[in-house]
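Chemist: Take a look and give me a structure for this.
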Amino acid sequence: SSRLNVHVPRALFKQGGYDHREALFGMPPYGGSIVQNVYYADSTLCDSNVDTSKGYPERPLKPDGTMQSWPSPFILMVDRGDCTFVRKVRNAQRSGAAAVVIADNSCLCSAGDECTDTHAPCESAEPILADDGSGRDISIPAMLMFKQDADKIKEVLKTNQPVQMELSWALPNPDDRVEYEIWTTPVDSRTNELFRTFKDAVLAFGRHAYFTPHMYIFDGIKSGCTGGGCYNLCTNDGRYCATDPDNDLEHGISGADVVTESLRRMCIWKVYGEADGQGLEWWDYVNSFSEACSGPSKFMDEECVTSIYEAAKIDATKIEDCMRDSGGLKSPQVNSLLAEAVTMATQRGVVVIPTAFINTAAIRGALDFGNIFDAVCAGFQEGTAPPVCRRCVSNPNTKTCVRDFNKNPDGPPPDKKKVAKKITKKTTKKKTIKKKTTKKKATKEQKKGPSSENAAKKKAPTTKKKKVKGAQPAPGTTKYSNSKSIPAPAPASQKSAGQSTTEQSTTAGQKTTTGTTTTGKYGQESASTVVEAPKQAPAGTTEETATDGTTTTGTTTSGTTTAKHSTTEHTVSGQTASGTKTAGQATSQIPEEASTGQAASEQIALEPVPGVAQPVAEQEFPSDGSVSTEKAHGKNGAGAMVVVGALSMLHGAAQKYSDGD
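Modeler: All right, here's what the predicted structure looks like:
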């Protein structure tokens, strides 16, 4: 199924290619080839610290006087000897080689005079490039070239002439159906890992491919196991045997247990898979058994096996009949199914487990999903491969591609960019919904009224003033579109001694503070939280538009002004005397919404005394409207700010009244 040949120089080309041996590890590109220049390492490459500045043909020198490394991509030729084949190929792979050709250092006896070796006697057969048990990380292919041929290539390379070599892997492809088989045992972890997902490939191939699983059993008669010579490794009086999987003859799973489970799987395939080459029930049983019954305590547990039968929808009676009718396991007589397995393994030349064959050709390298899938697709006659092969061969994620194909066999393969974009859109949408939900929840909490402790931490939102059409003000009154009405001064006769604590909030752009009654030049004063003093207005009827879109109407009656608002309502009684200001008392009821920074306007209505002129109490304020921190907060700084702008506003309003404005 593979070929090795030289294209440059032409003198080294050989019709039909050179004799060689394939490595049983690595990943050959079945259905493809590797054509690259060859570099001879002039080493066995057993040292992991590979010196890539040596070898032939020679390359230009670097500034430090050493040769440049082998230029990628390249095929590396190394000498046989000193270490395992896997180690050589691994070191070559780490050095950047695309493939490895191992030059044999011993002559075949059959080569005769074509091969000369003065150091060792000839060999009757070439060695098998077997996996030493650690070759699962090898991803490049390797071949061994006979000594008489490798010597000729090395001679050309040492003269610094380029050599171009082709390594190719072809599979028999007689028709539009591929037959493939895998040899394994029930306890082989590598095959069990492959089987977990390969059912998807079986479904995708459909009737285009015919699969046959084989259980490897070794011949106990040839091994001298009859009559109990191999302890508990065999059944049928030593005829059919398997190695002990846990290397403990006294405990755990025995070789005879492995033979028993192997026969069970042969019968399941015979009943459910032999007809169509797919055997979906067989795949379900194998994978379920691997998950639930593969441990030492469950491997031969009849209850565990029965539960797997039920899960995989397998008729236990048919399987037990098959195992018994084939010859059973207890008597020394022949079991037809086990005997056939021993014979076929010998005919196929199976010596390594697991082993796969595609159209009777052995598959080399790691038996993973992608390797087997690509090999099966390469076995179809040109132009007859099923759609899944055209879509998924050489796909970097073959498993996902095949699984997606089964979900949508007629549609095009998913566009990764579109899928990623779709996922991004979904994520963005979720984030947007989450933000809206959070905002909505916050709004509800604000309407309910958060605690004063948390309210102080929140900032007032920026809102736009909106003029709302309403009734025209009465003569002598002023219409405002502002969140703060300006009260008229109150007569002193209605102001009594006392003090109050006032918590107020202004609209967007104003500061939120807490006012307390302080004692100053004019006695006790009630501090208000006003930052920007709007235009003064006389007592009367005012219509106001708050930042939340509501309208505030204030109506001045004889001696009483009542302010109503959608969110606040205040009634303040005050009294001033000519030239002096007596102690006053203010009562303010403000809902918690006001302290959160919401757009809630404040209406302060003062109740004047009918028929009495309103004199103005004079105060001394800085020209810039500022006030010292100590005055604003008190000596301990814990009180609320006394905003002088508000008092200036009241002062100005009272002055206009006293002037008859």
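
Chemist: dump the residue contacts of residue 79.
Modeler: Contacts here follow Cβ atoms under 8 Å, 6 or more residues apart in numbering; on that basis residue 79 touches 41, 42, 43, 44, 45, 102, 103, 105. For glycine as for every other residue, the C-beta is placed from the backbone atoms N, C-alpha and C.

Chemist: ok, and the most crowded of the residues you listed?
Modeler: When neighbours are taken as other Cβ atoms under 10 Å, the top entry among the contacts of residue 79 is residue 102 (27 neighbours).

Chemist: How much space separates that residue from residue 273?
Modeler: Separation of residue 102 from residue 273 (Cβ to Cβ, to the nearest Å): 39 Å.

Chemist: before we move on, the earlier item: between the contacts of residue 79, which sits nearest residue 296?
Modeler: Taking Cβ to Cβ as the measure, residue 296 lies nearest residue 102 of those, at 40.2 Å.

Chemist: And that closest one, which helix or strand is it part of?
Modeler: Per DSSP states H and E: residue 102 is located in strand 99-103.

Chemist: Could you tell me the average pLDDT over that strand, please?
Modeler: What strand 99-103 shows for mean pLDDT is 97.

Chemist: Can you tell me which helices and strands that strand packs against?
Modeler: Strand 99-103 sits against strand 33-40, strand 75-79, helix 85-94, strand 142-145, helix 147-158, strand 164-169, with contacts defined as 3 or more Cβ pairs under 8 Å, 6 or more residues apart in numbering; DSSP states H and E.

Chemist: buried residues in stretch 85-96?
Modeler: Buried residues in stretch 85-96, defined by neighbour count with 16 or more other Cβ atoms under 10 Å: 85, 86, 87, 88, 89, 90, 91, 92, 93, 95, 96.

Chemist: The fourth one against residue 43, yeah?
Modeler: No: in terms of Cβ atoms under 8 Å, residue 88 does not count as a neighbour of residue 43; the distance is 9.3 Å.

Chemist: if I look at the two, which residues touch both of them?
Modeler: Joint contacts of residue 88 and residue 43 (Cβ under 8 Å, 6+ apart) are residue 78.

Chemist: buried set for stretch 165-179?
Modeler: Residues of stretch 165-179 classed as buried: 165, 166, 167, 168, 169, 171, 173, 177, 178, 179 (neighbour count, 16+ other Cβ under 10 Å).

Chemist: Can you say which two of these are spatially most distant?
Modeler: Spanning the widest gap among those are 165 and 177, at 33.8 Å by Cβ to Cβ.

Chemist: quick revisit: which one of the contacts of residue 79 is nearest residue 223?
Modeler: Nearest to residue 223, judged by Cβ to Cβ, of those is residue 102 at 31.8 Å.

Chemist: Now do the same contact list for the closest one.
Modeler: For residue 102, the contacting residues are 77, 78, 79, 80, 85, 88, 129, 142, 143, 144, 145, by Cβ under 8 Å, 6+ apart.

Chemist: Look up the closest residue to the fifth one, ignoring the ones flanking it.
Modeler: Pointing back at residue 85 there. Spatially, and ignoring its direct neighbours in sequence, residue 85 is nearest to residue 129 (4.8 Å; Cβ to Cβ, 6 or more residues apart in numbering).

Chemist: Any regions of this structure where pLDDT drops low?
Modeler: 118, 412-661 (pLDDT under 70).

Chemist: Could you rerun that using 80?
Modeler: Where the chain drops to pLDDT under 80, the residues are 1, 31, 117-120, 364-366, 394, 411-661.

Chemist: I'd say residue 203 and residue 406 touch.
Modeler: Yes: in this structure, residue 203 is within contact of residue 406 by Cβ under 8 Å, at 5.4 Å.

Chemist: more neighbours, these two?
Modeler: When neighbours are counted by other Cβ under 10 Å, residue 203 and residue 406 differ, and residue 203 comes out ahead with 17 against 13.

Chemist: and that one, what element?
Modeler: Assigned by DSSP H and E, residue 203 falls in helix 189-205.
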